[in-house]
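Trainee: Got a sequence here, can you build the structure:
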Amino acid sequence: MRYLIAAVVLAALPGWAQERPPIVGVAHIGLKTDNLAAAREFYGHVLGYQEPFTLDKPTGGLMLTYFKVNDHQYIEVFPELKSDTEDRLSHIAFETTNIQQLRDYLASRGVKVPDTLKTGLDGNVSMMLKDPDGHNVEFVEYRPGSLHSRNFGKFLPDTRVSEHIIHVGVTVQDQAAADRFYKDILGFHDIWHGGMKDDRTDWVDMRVPDGTDWLEYMLGNANPSPKQLGVMHHLALGVPEIQTGFKKVTANGIKPPDPPKLGRDGKWQLNLYDANFTRTELMEFKPVEKPCCSPFLNP
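Mentor: Numbers count the residues shown, from 1 in each chain. Predicted coordinates for the structure are as follows:
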């Protein structure tokens with residue numbers, strides 16, 4: 001008992017930092033659309049993902065629908081895009097194994113967090129924060145009995161063009177501020193950086209501390225247009241071999257704007273776009289040639 005009391009006392013002391021629980025990977029990306037039928041055609045038919053469940057607003061009407069990539073990763077689509085000038089990105093999300101401990105840890109590091117955590121409409125417990133660039137960043141712990149947990153092992157068809165979201169990308173205006181949040185506090189770490197030219201950095205890949213997925217900083221874009229934001233606020237789906245993915249999506253009725261190409265990181269990739277210009281990048285897991293600008297760390 002005295003050890004429990006001591007822990008409570010320590011937690012109340014100013015400056016006392018709790019231990020950060022594991023952050024294991026990308027949980028989902030939330031995207032806005034003004035054309036749900038077109039979104040279903042792209043994410044459901046072209047990319048081959050099933051739509052296992054939806055959530056309605058408490059006041060009525062569809063809040064969002066889910067496209068399942070694997071048991072722990074989803075593409076969430078919200079039919080709430082109001083204007084052509086609005087950012088299509090709703091939020092990005094990462095999975096943790098202990099949301100309450102993460103909330104307390106972040107509070108101890110001076111991050112603004114919710115006063116209390118509640119079970120969401122989907123049966124999981126999550127919290128939404130703002131990163132230094134104002135992006136909504138959610139952390140979620142999957143709970144037994146939730147919509148997600150009840151459907152483990154289900155809705156995983158062979159039609160899926162990929163079985164894993166390997167990264168999500170967001171714009172970053174102040175890298176030092178982003179690093180203080182993602183690197184110093186959350187424990188993400190740089191695994192590669194590069195640019196369109198060898199002497200500049202346009203992208204920084206920051207791996208989650210306890211998994212293989214990463215967040216990609218999209219740097220140097222001061223006033224992007226909505227269409228440019230669709231390119232930068234993106235998700236990447238890992239594929240073993242790009243030509244197989246290329247053939248699958250073209251057979252499903254889409255004509256990519258360009259054929260597969262080698263990226264500056266030495267990996268084969270293919271860019272696809274939904275009806276609202278949000279980019280989905282198919283990317284091979286491993287480079288086939290030396291990457292520009294910096295070596296891969298902890299490949």
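Trainee: Break down the chain into its helices, ranges please.
Mentor: 2-12, 36-39, 99-108, 147-150, 175-179, 226-232, 242-251 (DSSP state H).
Trainee: Nearest to Cys293 among those would be which one?
Mentor: Nearest to Cys293, of all the helices of the chain, is helix 175-179, at 15.0 Å by CB to CB. From N, CA and C alone the C-beta is placed, and that goes for glycine too.
Trainee: can you tell me the average pLDDT over that closest one?
Mentor: The average pLDDT within helix 175-179 is 98.
Trainee: Next, the buried residues of that helix.
Mentor: Across helix 175-179, burial judged by 16 or more other CB atoms under 10 Å covers 175, 178-179.
Trainee: which secondary structure elements does that helix contact?
Mentor: In this structure, helix 175-179 packs against strand 214-219, with contacts taken as 3 or more CB pairs under 8 Å, 6 or more residues apart in numbering; DSSP states H and E.
Trainee: who touches the strand it packs on?
Mentor: Strand 214-219 is contacted from outside by 92, 166-172, 175, 178, 182, 188, 191, 201-208, 232-233, 236, using CB atoms under 8 Å, 6 or more residues apart in numbering.
Trainee: sorry, back to before: among the helices of the chain, which is the most enclosed?
Mentor: helix 99-108 (a mean of 19; mean count of other CB atoms under 10 Å).
Trainee: where does that one sit relative to the chain's centre, distance-wise?
Mentor: Offset of helix 99-108 from its chain centre (CA atoms, centre = their mean, to the nearest Å): 20 Å.
Trainee: sorry, back to before: take the buried residues of helix 175-179 and write them to a markdown table, including distance to Phe296.
Mentor: Formatted as a markdown table, the buried residues of helix 175-179 follow (distance: CB to CB, whole Å):
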| residue | distance to Phe296 |
| --- | --- |
| Gln175 | 19 |
| Ala178 | 20 |
| Asp179 | 19 |
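Trainee: just those residues now: which is nearest Asp131?
Mentor: Nearest to Asp131, judged by CB to CB, of those is Ala178 at 6.8 Å.
Trainee: The closest one touches His135, doesn't it?
Mentor: No - if you go by CB atoms under 8 Å, Ala178 and His135 don't touch, sitting 9.6 Å apart.
Trainee: The stretch 1-150 of the chain: strands as residue ranges?
Mentor: Along the stretch 1-150 of the chain, counting by DSSP state E, counting those that start in this stretch, strands occupy 23-32, 54-56, 62-70, 73-78, 89-96, 125-130, 136-141.
Trainee: Report all helices and strands that the first one contacts.
Mentor: The criterion is 3+ CB pairs under 8 Å, 6+ apart, and the helices and strands that strand 23-32 contacts are strand 73-78, strand 89-96, strand 136-141, strand 165-172.
Trainee: can you check the fourth one too?
Mentor: Using 3+ CB pairs under 8 Å, 6+ apart, the elements in contact with strand 73-78 are strand 23-32, strand 62-70.
Trainee: how about the strands of the stretch 1-150 of the chain in CSV, adding distance to Leu47, mean neighbour count and mean pLDDT?
Mentor: As requested, those are exported to CSV (distance: least, CB to CB, whole Å; neighbours: other CB atoms under 10 Å; pLDDT from 0 to 100):
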stretch, distance to Leu47, mean neighbour count, mean pLDDT
strand 23-32, 13, 23, 98
strand 54-56, 18, 13, 97
strand 62-70, 8, 20, 98
strand 73-78, 8, 24, 98
strand 89-96, 18, 23, 98
strand 125-130, 24, 18, 98
strand 136-141, 22, 20, 98
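Trainee: Mind putting the helices and strands packed on strand 23-32 into TSV with distance to Leu55?
Mentor: Below are the helices and strands packed on strand 23-32 laid out as TSV (distance: least, CB to CB, whole Å):
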stretch	distance to Leu55
strand 73-78	9
strand 89-96	13
strand 136-141	14
strand 165-172	20
